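Colleague: have a look at this fold, sequence not included:
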């Protein structure tokens with residue numbers, strides 16, 4: 001088992017975030033892997049795009065479900081800036097959105113390969129507005145219910161559904177969900193990361209059990225300082241994915257994204 005390694009990398013990534021926020025000079029770590037390659041924060045809420053979305057749209061929107069749904073289809077700050085008022089004021093109108101976005105390049109982030117076409121995105125939004133309005137009334141108790149409902153919408157797969165649910169967990173819509181510490185979606189990266197922690201191939205059932213065990217260990221100051229931000233099961237799942245990326249580099253593989261270190265002086 002590589003439980004110690006899993007938490008050691010999580011602690012180091014969290015300390016990097018702290019030092020950066022304090023304005024300390026780069027490098028914020030002696031770890032060459034973290035210096036060289038790009039890794040998400042331990043908490044998805046701390047990542048740059050989510051912070052922008054939270055501060056500019058999610059916390060201010062008159063229709064947070066639709067606003068979240070639309071923003072995550074693009075998942076790009078620059079695109080969000082262009083349609084921000086439509087999302088905050090709940091004034092979405094397809095023709096207006098098309099006129100604003102038709103010449104924007106790139107429109108979405110690189111990972112959203114199935115939604116590169118503006119017409120596909122706008123069609124998805126139009127076909128989803130009414131079903132979203134009806135479904136959200138039943139989401140208050142469970143993240144997993146919202147996750148399953150979202151996948152019934154056009155072009156929305158597991159990855160996108162989980163991203164939207166993770167945002168809505170921090171809104172009145174899912175703030176009281178009962179399964180925040182018992183359910184998380186096992187994506188390919190987190191699944192492989194949990195096998196890295198286990199040191200062997202394990203079943204999906206054992207992966208879920210391992211995630212819950214890691215969450216419990218995060219309550220132990222030996223593994224996660226209690227002055228650091230609290231974990232829910234999403235963090236256990238999320239860091240498993242990043243731990244897999246870290247482990248791949250340790251084995252000699254390259255990552256997709258290098259870290260763009262800030263210029264000094």
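Modeller: On my side now, so go ahead. Everything numeric here is computed off the predicted structure, so don't read it as measured data.
Colleague: from the chain's centre, how far out does the helix or strand hosting residue 17 sit?
Modeller: Assigned by DSSP states H and E, residue 17 falls within helix 3-21. Chain-centre distance of helix 3-21: 17 Å, with Cα atoms, centre = their mean, to the nearest Å.
Colleague: show me what that helix is packed against.
Modeller: helix 32-36, helix 188-198, helix 204-217, helix 233-250 (3 or more Cβ pairs under 8 Å, 6 or more residues apart in numbering; DSSP states H and E). All C-beta spots, glycine's among them, are computed from the backbone N, C-alpha and C.
Colleague: tilt between that helix and helix 188-198?
Modeller: 120 degrees (axes from the mean of the first three to the mean of the last three Cα atoms, to 10 degrees).
Colleague: buried ones in helix 3-21?
Modeller: For helix 3-21, a neighbour-count test (16 or more other Cβ atoms under 10 Å) marks 6, 7, 9, 10, 12, 13, 14, 15, 16, 17 as buried.
Colleague: any chance you could list what contacts it?
Modeller: 26, 28-29, 31, 34, 39, 41-42, 46, 196-197, 214, 217-218, 223-225, 228-229, 239-240, 242-243, 246 (Cβ atoms under 8 Å, 6 or more residues apart in numbering).
Colleague: number of residues surrounding residue 204?
Modeller: Using other Cβ atoms under 10 Å, residue 204 is surrounded by 10 other residues.
Colleague: how about residue 150?
Modeller: The number of residues near residue 150, taken as other Cβ under 10 Å, comes to 24.
Colleague: try residue 226
Modeller: There are 9 residues near residue 226, going by other Cβ under 10 Å.
Colleague: A strand includes it, no?
Modeller: No. Secondary structure of residue 226 (DSSP: H, G, I helix; E, B strand; the rest coil): coil, not part of a strand.
Colleague: do I have it right that residue 147 meets residue 184?
Modeller: No. In this structure residue 147 lies outside contact range of residue 184 using Cβ atoms under 8 Å: 9.7 Å.
Colleague: these two: who's more crowded?
Modeller: residue 184 (28 against 21).
Colleague: and that one, what helix or strand is that in?
Modeller: With DSSP H and E as criterion, residue 184 is part of no helix or strand.
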